[in-house]
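1. Provided below for reference: sequence and predicted model.
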Amino acid sequence: MSNSTFDADGITLEKVREYVWEIPQEGDMRTPARVLASEALLEEIKEDKTLQQLKNTTHLPGITKHAICMPDGHQGYGFPVGGVGALDAENGCISPGAVGYDINCGVRMMKTNLTYDDLKGNEQELVDSLFANIPSGLGGGGIVESGVDTVDEILARGVDWALENGYAVEDDLLHCEDEGHREEADPSKISQKAKDRGKNQIGSLGSGNHFLEVQRVTDVFHDEVGSAYGLEEDQIVVLIHCGSRGLGHQTCNDYLRKIEKQHQGLLNKLPDKELAAAPAGSQLAEDYYGAMNAAINFAWVNRQLIMHRTREVFERVFDRSWEEMEMDLLYDVAHNIAKKEVHDVDGEERELYVHRKGATRAFPAGHPDVPEAYRDVGQPIIIPGSMGAGSYVLRGGENSMELTFGSTAHGAGRLMSRTQAKNEYWGGDVQDELEAQDQIYVKAQSGATVAEEAPGVYKDVDEVVRISDELGIGDKVARTFPVCNIKG
DNA sequence: ATGTGC
């Protein structure tokens, strides 16, 4: 291996500059592909199909500049998790596999004015109460039990529905990506089957890597931005990570099947059937976009209801109103979405379907889509690490529009499969160790889930965030450490 | 991620 190339078992990456690697265009690739990573992270990324999948995505019509893999990238369905693909919205296409099965899987951070000392001694009561009151695990049971009419309203209006029904305050909408609502949602494009799956899961965490975590802020790296975000050391915050449950999963599946049937021509030209895409301008592209936006609204309501219930739990445990505890939403970011955005491409303004799959929007200071409260410092970005590592708050960096279509990483990224994790770890032992060594209280529906999510199955979130910060796509603002964690 | 295969 020379200084300027990295050999990944048959795929050679050329070093463009520090932390920027390029797979040159060849064969039917329409653009080069880029990986943003240190050599240490590349050593992990090359171990699965991520790089081949990344190359494959450059075959998608309308791919612009290059396909990009974030420092936390790993293999996914067709398109890598941690992938960003900007596809021309007029002449390109839209691909459900490049959005992900869990449409608008995402994360929000709610602040409090409590300190770690206020909470110490109450951890067990708090974790028990959160676990008892917030539905989690596979299958049904949500905070709101409803008919399909309510599902339709949620799909159409997102967090506006929650506001009108007493589950949100105006301020919650103002501190959410897209204000908790995609205008282009079309509930009529979501199948009855998807709605039936969703109707009893409104306000539920789900399983897998989804969780609710009470954390304490351990470091504030940037005074000006930390103060604009209202973050200080020892403060208690709450992180909620979940998505669109069965409704989003069913929607992704429905459209993959439709595309396979109706757009065989395009499919046959792609190197992987899992990249199935609907050509821009086709009826199916419009239908999927309407359905995906509706599922995005559903996921935002899901996180909103869980946050609402969390406020109620804190009120009972700490015997004060949530307003008194200043339990305000810092921000909510989507991890699995596509959005029509206008970007500058070689001096030309172009409308693109920006696919962010396991990637976070990271708009810099001054961008009109950054909420007014944060416009001067940049959009908040929340990057969860494992339940033993804690998380980061970043802000959209100056270089994100040029390097990544305004995106950065979304998490630590898995190191091993769920099956492998269950062979390596025993859930109960992981819980005991976290409590004894780090005073982290974990409560889960299933020990298997704890084993699958053991801290050791994740990459080093510090290293992922370091690369984002060094590249100036998302800058470090604060770090948190877990106190209580509930999961499915 | 997911009424734990597509």
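-> Everything's here; your move. Numbers count the residues shown, from 1 in each chain, chains lettered A, B, ... in the order given.

2. Only C-alpha atoms from now on, for both contacts and neighbour counts.
-> Noted.

3. Enumerate the residues of chain A near DNA strand B.
-> Within chain A, the positions near DNA strand B by C-alpha under 7 Å from any atom of the strand are A:101-102, A:137-140, A:193, A:197, A:205-210, A:242-246, A:249-250.

4. Among these, name the ones in helices.
-> Using DSSP state H, A:193, A:197, A:245-246, A:249-250 are the members of those that sit in helices.

5. Mark which of these are buried, thanks.
-> Buried subset of those (neighbour count, 16 or more other C-alpha atoms under 10 Å): A:197, A:245-246, A:249-250.

6. Would you mind giving those residues as CSV with distance to residue A:38 and pLDDT added?
-> CSV is the format used below for these (distance: C-alpha to C-alpha, whole Å; pLDDT from 0 to 100):
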residue, distance to residue A:38, pLDDT
A:197, 41, 95
A:245, 34, 97
A:246, 36, 97
A:249, 33, 98
A:250, 36, 98
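
7. I'd like the residues you listed laid out as JSON lines, including distance to residue A:31.
-> Shown next, in JSON lines, are those (distance: C-alpha to C-alpha, whole Å):
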{"residue": "A:197", "distance to residue A:31": "39"}
{"residue": "A:245", "distance to residue A:31": "34"}
{"residue": "A:246", "distance to residue A:31": "35"}
{"residue": "A:249", "distance to residue A:31": "30"}
{"residue": "A:250", "distance to residue A:31": "32"}
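
8. Contact partners for the spatially most central residue of chain A?
-> By C-alpha atoms, centre = their mean, chain A has its centre lying nearest to residue A:335, at 2.4 Å. If you count contacts by C-alpha atoms under 8 Å, 6 or more residues apart in numbering, residue A:335 has them with A:104-107, A:356-361, A:410.

9. quick one: it and residue A:352, what's the gap?
-> 18 Å (C-alpha to C-alpha, to the nearest Å).

10. likewise residue A:117?
-> 48 Å.

11. on that earlier part again, the ones in helices among the residues of chain A next to DNA strand B: which two are farthest apart?
-> The largest separation in these, counting by C-alpha to C-alpha, is between A:193 and A:245 at 13.0 Å.

12. still on that earlier bit, phi, psi for the residue nearest to the centre of chain A please.
-> phi -110, psi -20 (degrees, to the nearest 10).

13. name the helices or strands packed onto the strand ranked longest in chain A?
-> In chain A, assigned by DSSP state E, the strand with the most residues is strand A:474-487. For strand A:474-487, the packing partners by 3 or more C-alpha pairs under 8 Å, 6 or more residues apart in numbering; DSSP states H and E come out as helix A:123-133, strand A:211-220, helix A:223-229, strand A:391-396, strand A:441-444, helix A:461-471.

14. neighbours around whatever residue of chain A ends up closest to DNA strand B, how many?
-> Closest contact between chain A and DNA strand B, by C-alpha to the nearest atom of the strand, is at residue A:209 (2.5 Å). By other C-alpha atoms under 10 Å, 16 other residues sit near residue A:209.

15. Let me see the contact set for the residue lying closest to it once chain neighbours are set aside.
-> Leaving aside its sequence neighbours, residue A:209 sits nearest to residue A:453 (C-alpha to C-alpha, 6 or more residues apart in numbering; 6.4 Å). With contacts defined as C-alpha under 8 Å, 6+ apart, the neighbours of residue A:453 are A:208-209, A:386-387, A:421.

16. Next one, pLDDT for residue A:453 please.
-> Looking at residue A:453, its pLDDT is 96.
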